[in-house]
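1. I need the structure of the sequence given here:
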Amino acid sequence: MIKKFIAVLALGIAMVPALASAQGKVAVVDLQAAILQSDAAQQRLDSVRNEEGYKADKDEFDRLREELDKLVREFQKDAAVMSQEQQVASRKRLASKQADLEHVGGKLQQAEQATGQALLQEMSPMVQEVLSELIATEGIGLLLQRTSVIHADPGYSITAKVTDKLNQLSAAE
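-> Numbering: from 1, shown residues only. Below is the predicted model:
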């Protein structure tokens, strides 16, 4: 879903008239990173992380990870002296704890991804404005989405500039 959104956004950027007629430099941008690294995005993610449900899930995740680590250490220490049945039982406990950890981790990841996806959609008009401005001021003749490029030296990236401009626009609001 995020990749589709970014592809549509990138296609929209490609249609900017200044880009169509410009003969200039080549640049790459990671729109997702630019948006998610912005101050507004970080504030929104922090607010999600400070919600009671998220905090409870994070505490449970940390507790489960500690329990799993302890079980792994015990298993590694005692495996050589365990009977076959004890090893099977221990492996089942490990698998169950791992499944619990993955479930809670998935809930945390889903909450952050939903917030990130909402941010990408909400900030799309602002990103269009910022990219149009950078294309004009930087003399960019070809702008590529970073995920579509096999290799680009860091000097070609305008991602940090996009993030800075987003922060400036957000601060002005």
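
2. okay, now residue 46: neighbour count?
-> 9 (other C-beta atoms under 10 Å). Where C-beta positions appear, they are placed from N, C-alpha and C, glycine not excepted.

3. give me the pLDDT for it.
-> pLDDT, residue 46: 94.

4. got it, and residue 86?
-> For residue 86, pLDDT reads 92.

5. what about the residue nearest to residue 97 when sequence neighbours are not counted, neighbour count?
-> Once flanking residues are discounted, residue 97 sits nearest to residue 68: 4.6 Å by C-beta to C-beta, 6 or more residues apart in numbering. When neighbours are counted by other C-beta under 10 Å, residue 68 registers 17.

6. can you pull the contacts of residue 68?
-> By C-beta atoms under 8 Å, 6 or more residues apart in numbering, residue 68 lies in contact with 94, 97-98, 101.

7. helix or strand for it, just tell me which one.
-> Assigning secondary structure by DSSP states H and E places residue 68 in helix 52-78.

8. got the buried residues for that helix?
-> 54, 57-58, 60-61, 64, 68, 71, 75 (16 or more other C-beta atoms under 10 Å).

9. dump these into CSV; add distance to residue 31 as well.
-> Listed next are the buried residues of helix 52-78 as CSV, based on distance: C-beta to C-beta, whole Å:
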residue, distance to residue 31
54, 25
57, 29
58, 28
60, 33
61, 29
64, 34
68, 36
71, 42
75, 44
